[in-house]
Structures are given as C-alpha cells and as structure tokens.
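Novice: Sequence plus the predicted model coming up.
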Amino acid sequence: MKNLVIFLFCTLLCLSVRGATLEFAFQLGVKQEPRLDRLLPDVARRMAFNKDSTKLITRGMGGSVGAWDIGNRQKREISAIHAKRWFAYSTGADRLLTRDADDNITILSIGSGDEVPLTNGQYESGSLSADGTLAVLSKRDDEIEVWRLAGQGPKTAMREGSARRLKTLQTGFPVRNGLTLSDDGRFIAAAEGSYRDGEGHRTAIEIWNTTDERPTYTFDTGEILGIWNVLFSPDATLLAVDTQKNAQSGICVWEIGTGRRRLAKGGFEAYWTRALAFSPTSDYLASGGEAGNLRVWDISEGESVIWETYSTGIQALAFSPNGEYLAVALWDTTIQILYWRDE
C-alpha cells in the first residue's frame, strides 16, 4: 500500500518520459467556477513570456491585458483594452499589436503603456517579429500587408508616423483562419479558408518569404482549421496548426524548408485544440484542448511523451524563452506554472 501511495504521488508531481519532464511549480490567479455558456472574462485567451522569462503577459477573454511577475506572482494591469483584439506580442521589443473597436491598429508598449497608431482599416489578424521591427496584417479577403516598424528593443520609443508599408501580397483564398510571422521575420504563414458546395470547408496554408512576391509553399490540409493556432517554431523551421474533422480535433506540423509533414494527429476527444506552443528548442510541441488534455509531443518521434488531464478546459499555453517553465491557462481562470526540463 505504501509503495502504491508513493507511486501515485510521483505520478502527480512529475511527468517524465524520454527526457522530457514537467513538474508543478506554482499557480497564478484564484480559481473560479467555470461557466458552461461562455468563458469567464479572467480566463487567459492568449499569453506569452517576456524575453528574460520574468513576466507572463496575458490577454483575458474580457479584453484586459496584464503582466504577471513570476518572482512575486503579482499581476499588474497594463491596459483595460476591452473591445480590442490582441494580435501579437513581440518578445524582444516587449510590445503588443492591437486593434480597437474603431479599427485603429496600434503598437502598445508593455513597459510604459503608451500606444502609437500604425494604421486604420478592417484588418482581420496580424503578427510581429520577435524584435518588433516587422509586422504583417491581413486586409479584406485576399491581401497581406508587410510593415517596417522603427525602433528595436523594449527601451526604444516608437514615434507616430515612423512606420511604413513595404508591400502588399495577394493570397489565393481569404485569410480567415490566422496569420503569423516567424520570430526572425523571414516567413509569413497565412491560413486561408474556402467553401464549396458538396465539399464543405477546406483550409490551405500559404508560406511566404517576406522578400518574395509569391508563396514558397501551399499546404492543403484537407481539413477544417480553427482560429486558435497557426505558429512557427522558434527556429523558424516548422509550422504547427490545429485541425478539426468530424467534430474531433487534431494537430499538424510541417517542415518549412521541404514542405514535409512531420507530425499529424487527429481524433482527439476535444472539439477544438485551443492551445499550441513550441518548446524553446523547437523539439517539442505542447497541445491543450477543451477536454483539459495537456499533451507534449516529441516531433522527431511523432508521438506524445507527456499526457496530463485537467478537470477543465485549456485555453492557452506558453513556454518561457529560458526553457524553465510551461504556463497552462485553464477555464477556471488560473494559470498553472510547470517546471519544464528537456534533457
């Protein structure tokens, strides 16, 4: 009996397979009872660690943006930007790309809270490079704008009117399912949706080099993609997306240089895979869904090496750049901080 108790305790405390290890570190926020009709305003819709991994930037379902201090576990409200959508966070420059209710696209400085207008229009989605010098925006149904932003680093101030539009790219289908820019600013991924009678919804992903006028690759998923995740690995060699087919979710990972599919899994219990995050080394992919299943996938092996189930859904995931933490945002408004080890 004693051995069984020890075994169960170790299983809950530490999940370790093939060198990848997760251990509970601490919790951010106070648990609230999840609602069945809609997510609570304090649930983290998106989140990302800053460059030195000392803060966790979150955007709640209600629209507020905050920064959790990992050291003292206290939260500072940055801006109550209700009716705005968080497009992207620039880790190196510590800036957010946002859109307000009047369709103004602005750059928000996390440190000072200052906002600098970029442009105006009905842009559906956008992304930033890690150093904050390049932005991409999807406009109307078939256009992607590439912008050069002045200033680099969190202490470099941006000035109104200092940004300029470099080019406009024409996409094959409407960009309905997401747009992202690789951290180094080299690649653009546009998840484009189409609908045909008798075939239903299909999603293709166009991969662009930011210096070219035509896409390098087009990945035809043959499945529905959610609006949840389209992301490059930190080293810009892989692209991950969430998929959905026959009311069951899945994930897919492609190799950017060759177009080869590296990982394809489906039939998950959840309707949507709401969260994806690459490890800092780009060797692992974490996924989380509405059924509360947290899985860590070894991309080289093509299999999950860690599987943990929470009592409520997972909305967002984020690895810290220093490789120490994995943050898991739950529907009960808490954020579980786990120690991550990849040995």
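Specialist: Structure received. Numbers count the residues shown, from 1 in each chain.
Novice: Just want the phi and psi numbers for D141.
Specialist: Here is the backbone geometry of D141 (degrees, to the nearest 10): phi -90, psi -20.
Novice: neighbours of it, just the number please.
Specialist: By other C-beta atoms under 10 Å, 13 other residues sit near D141. Glycine gets a C-beta too; all of them are placed from N, C-alpha and C.
Novice: Disregarding flanking residues, what is the spatial nearest neighbour of it?
Specialist: Excluding the flanking residues, the one nearest D141 by C-beta to C-beta, 6 or more residues apart in numbering is P174, at 3.9 Å.
Novice: what do you get for G259?
Specialist: Y217 is the one closest to G259 (C-beta to C-beta, 6+ apart), at 4.7 Å.
Novice: neighbours around that neighbour, how many?
Specialist: Neighbours of Y217 under the rule other C-beta under 10 Å: 18.
Novice: Show the contacting residues for it.
Specialist: For Y217, the contact set (C-beta atoms under 8 Å, 6 or more residues apart in numbering) comprises 206-207, 254, 256, 259.
Novice: 10 Å instead, please
Specialist: Residues in contact with Y217, defined by C-beta atoms under 10 Å, 6 or more residues apart in numbering, are 187, 189, 205-209, 239, 254-259.
Novice: and the gap between it and I107?
Specialist: 30 Å (C-beta to C-beta, to the nearest Å).
Novice: could you point out where the stretch 201-343 of the chain is predicted with low confidence?
Specialist: 226-227 (pLDDT under 70).
Novice: That one: strands as residue ranges?
Specialist: For the stretch 201-343 of the chain, the strands defined by DSSP state E, counting those that start in this stretch occupy 217-220, 224-232, 238-245, 248-255, 261-268, 273-278, 284-289, 293-298, 303-309, 314-319, 325-330, 335-342.
Novice: mind putting these in JSON lines, distance to G132 included?
Specialist: Listed next are those as JSON lines, based on distance: least, C-beta to C-beta, whole Å:
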{"stretch": "strand 217-220", "distance to G132": "26"}
{"stretch": "strand 224-232", "distance to G132": "16"}
{"stretch": "strand 238-245", "distance to G132": "21"}
{"stretch": "strand 248-255", "distance to G132": "26"}
{"stretch": "strand 261-268", "distance to G132": "29"}
{"stretch": "strand 273-278", "distance to G132": "20"}
{"stretch": "strand 284-289", "distance to G132": "25"}
{"stretch": "strand 293-298", "distance to G132": "29"}
{"stretch": "strand 303-309", "distance to G132": "32"}
{"stretch": "strand 314-319", "distance to G132": "18"}
{"stretch": "strand 325-330", "distance to G132": "22"}
{"stretch": "strand 335-342", "distance to G132": "25"}
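Novice: For K75, which of those is the nearest?
Specialist: K75 sits nearest to strand 335-342 of all the strands of the stretch 201-343 of the chain, at 9.8 Å, using C-beta to C-beta.
Novice: List the buried residues of that closest one.
Specialist: Applying a neighbour-count criterion of 16 or more other C-beta atoms under 10 Å, one finds 335-338, 340, 342 buried in strand 335-342.
Novice: coming back round to it: how close does the residue nearest to D141 get to R214?
Specialist: Taken as C-beta to C-beta, the span from P174 to R214 is 18 Å.
Novice: try A329
Specialist: 37 Å.
Novice: Looking at the two, which one has more neighbours?
Specialist: A329 (28 against 9).
Novice: distance of I205 from K167?
Specialist: Distance of I205 to K167, given as C-beta to C-beta: 20 Å.
Novice: you'd agree G222 is up against T243?
Specialist: Yes. The pair G222 / T243 is scored as a contact, 9.1 Å apart, by C-beta atoms under 10 Å.
Novice: Quickly list what's touching both of the two.
Specialist: T203.
Novice: more neighbours, these two?
Specialist: A count of neighbours by other C-beta under 10 Å puts T243 above the other of G222 and T243, at 23 against 11.
Novice: my read: that one touches F268, true?
Specialist: Yes. With contact defined as C-beta under 10 Å, T243 counts as touching F268 (9.4 Å).
Novice: Name the residues contacting each of these two.
Specialist: With C-beta under 10 Å, 6+ apart, T243 and F268 have common neighbours 249-251.
Novice: Okay, buried residues for stretch 274-283 please.
Specialist: So, applying 16+ other C-beta under 10 Å, buried residues of stretch 274-283: 274-280, 283.
Novice: Just give me the neighbour total for the nearest residue to S125 once chain neighbours are set aside.
Specialist: Distances taken as C-beta to C-beta, 6+ apart put L179 closest to S125, at 4.3 Å, once the chain neighbours are dropped. L179 has 24 neighbours, counted by other C-beta under 10 Å.
Novice: show me what contacts L179?
Specialist: L179 is in contact with 87-88, 123-127, 136-138, 144, 171, 188-192, 230, counting by C-beta under 10 Å, 6+ apart.
Novice: Please report the distance of W340 from F24.
Specialist: Counting by C-beta to C-beta, the gap from W340 to F24 is 11 Å.
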